[in-house]
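Engineer: Got a sequence here, can you build the structure:
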Amino acid sequence: MQQNRTELGALGEFGLIDKLTDGVELNDNGTVLGVGDDAAILNPSKGLQVVSTDMLVEGVHFDLSYVPLQHLGYKAISVNVSDVAAMNCVPKQVTVSIAVSNRFSLEAMEALYSGVKAACQNFKVDLVGGDTTSSRSGLVISVTVLGESSNNQEPVRRSGAKEGDILCATGDLGGAFVGLQVLERQKVEYLANPEMQPDIEKYAYVVQRQLKPEARMDIIHELSELEIKPTSMIDVSDGLASEVFHLSKHSGIGFNIYEDKVPIDRETYNTAVEFNLDPITCALNGGEDYELLFTIDQEDYKKLEKHYDIHFIGYAQELSKGINLITKQQNVVPIQAQGWNHFNEK
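Structural biologist: Numbering: from 1, shown residues only. From the prediction side, this is the model:
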């Protein structure tokens, strides 16, 4: 059955904006005026504000041969919210700008924005503006998020870890990278045989980790309720090893990480083995998990020791001792960061 296709040129820029932002609701008290004027009007609280911007480029960050537009819209918001979470702050408003070629229809852009709106609703963040323009190549999405510190606390930086702090990771790691391998294999098989049917049901968890990551705002709210302020924090976008190096560089300390404490989901583990990949390497260097990595004072350990989704994977030590992985055999192996580099191919 032929689907309806509305050309973007028939709408014009402002007509497209009206279509895509139709039904957007404002929920935050700090948003006075959202989409529709030359600029949004905000009335922030007395807390400090944080601002972060991310850009997603077709062919670099996503492949539309296997990434649904709804999921892409959701992910674009989620990865930006994750940056705010990584500062121990709460997201308030976002702007979304897109550059799009004439190969995309209005219906395709509405699918993209359905994901954007779903994420905004889930993370309780207001869509207050953005821009649209034409592109001569692929789709480009740029999102800016504004957030605020909670409970009048200073945002948590990468630079506060000290010797003896406990290194914590949320959720599980390596799944997004393994999910990408599944999708890439399916793409190769499809190109070889367009009649084939996708077979990804048994990989549902790792595929979802790649296509629709969830920013861990739940952890931020729980830390606030427990009155725990991490000493340093970052989100795992480029791989665990890379993020540990960032904490080390900014805090001036080293780390020991225990291999048997790094959280890896069973499906991630089994699928990695199927692809002849080392599961711990996937966790260390894979990236795009968007979990939180943070350090806490030892005195806060008791408050979190029974938390089902926060894992104690190592500790901070003096810088001269380096950054090491303590293997299951108790060998000390220096870690090298080999995660995603935005200016080189993997």
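
Engineer: domain parsing for the chain?
Structural biologist: Per the record, the chain has its domains at 8-149, 166-334, by automatic domain parsing.

Engineer: what is the rounded mean pLDDT of the shortest one?
Structural biologist: To tie it back to what came earlier, the one meant is domain 8-149. Averaged over domain 8-149, pLDDT sits at 84.

Engineer: Please tell me how far it is from the chain's geometric centre.
Structural biologist: Between the centre of domain 8-149 and the centre of its chain there are 14 Å (C-alpha atoms, centre = their mean, to the nearest Å).

Engineer: in this structure, which spans are strands?
Structural biologist: Secondary structure of the chain by DSSP state E: the strands cover 31-33, 41-42, 49-57, 89-100, 126-134, 140-149, 166-170, 232-235, 253-258, 292-296, 310-318, 323-326, 332-334.

Engineer: ok so, going back, could I get the domains of the chain as CSV with distance to V156 and mean neighbour count?
Structural biologist: Every C-beta, even on glycine, is put in place using the N, C-alpha and C of the backbone. Compiled in CSV, those are given as follows (distance: least, C-beta to C-beta, whole Å; neighbours: other C-beta atoms under 10 Å):
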stretch, distance to V156, mean neighbour count
domain 8-149, 4, 18
domain 166-334, 4, 18
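
Engineer: Can you say which of these is nearest to G160?
Structural biologist: Closest approach to G160 among the domains of the chain (C-beta to C-beta): domain 166-334, 4.3 Å.

Engineer: For that closest one, measure first residue to last.
Structural biologist: Domain 166-334 has its terminal residues 19 Å apart, counting by C-alpha to C-alpha, to the nearest Å.

Engineer: what distance separates it from the middle of the whole chain?
Structural biologist: 12 Å.

Engineer: what's stretch 172-182 in contact with?
Structural biologist: Contact with stretch 172-182 is made by 200, 203, 205-211, 213, 236, 239-240, 262-265, 267-268, 271-272, 275, 277, 279-280, 282-283, 285-291, as judged by C-beta atoms under 8 Å, 6 or more residues apart in numbering.

Engineer: Next step: the residues you listed restricted to helices.
Structural biologist: Among the contacts of stretch 172-182, the members found in helices (DSSP state H) are 205-211, 240, 267-268, 271-272, 279-280, 282-283, 285.

Engineer: Reformat the domains of the chain as CSV; add distance to G160.
Structural biologist: Output for the domains of the chain, formatted as CSV (distance: least, C-beta to C-beta, whole Å):
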stretch, distance to G160
domain 8-149, 10
domain 166-334, 4
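
Engineer: can you tell which of those domains is closest to R158?
Structural biologist: domain 166-334 (3.9 Å).

Engineer: so who does the residue nearest to the spatial centre of the chain touch?
Structural biologist: Nearest residue to the geometric centre of the chain (C-alpha atoms, centre = their mean): V79, 3.3 Å. Neighbour list for V79: 54, 56, 143, 213, 215, 237, 290 [criterion: C-beta under 8 Å, 6+ apart].

Engineer: So of those residues, which two are at opposite extremes in space?
Structural biologist: Greatest spacing in the contacts of V79, by C-beta to C-beta: L56 and A215 (14.7 Å).

Engineer: What about P68? Give its phi and psi, please.
Structural biologist: Here is the backbone geometry of P68 (degrees, to the nearest 10): phi -60, psi 140.

Engineer: Quick check: nearest residue in space to it, chain neighbours excluded?
Structural biologist: Distances taken as C-beta to C-beta, 6 or more residues apart in numbering place L211 nearest to P68, at 7.1 Å, with adjacent residues excluded.

Engineer: shouldn't the one you found be in contact with V67?
Structural biologist: Yes. L211 lies in contact with V67 (C-beta atoms under 8 Å); the separation is 6.2 Å.

Engineer: And the closest residue to Q49 other than its chain neighbours, how far from K92?
Structural biologist: Excluding the flanking residues, the one nearest Q49 by C-beta to C-beta, 6+ apart is E148, at 5.7 Å. Taking C-beta to C-beta, to the nearest Å as the measure, E148 falls 6 Å from K92.
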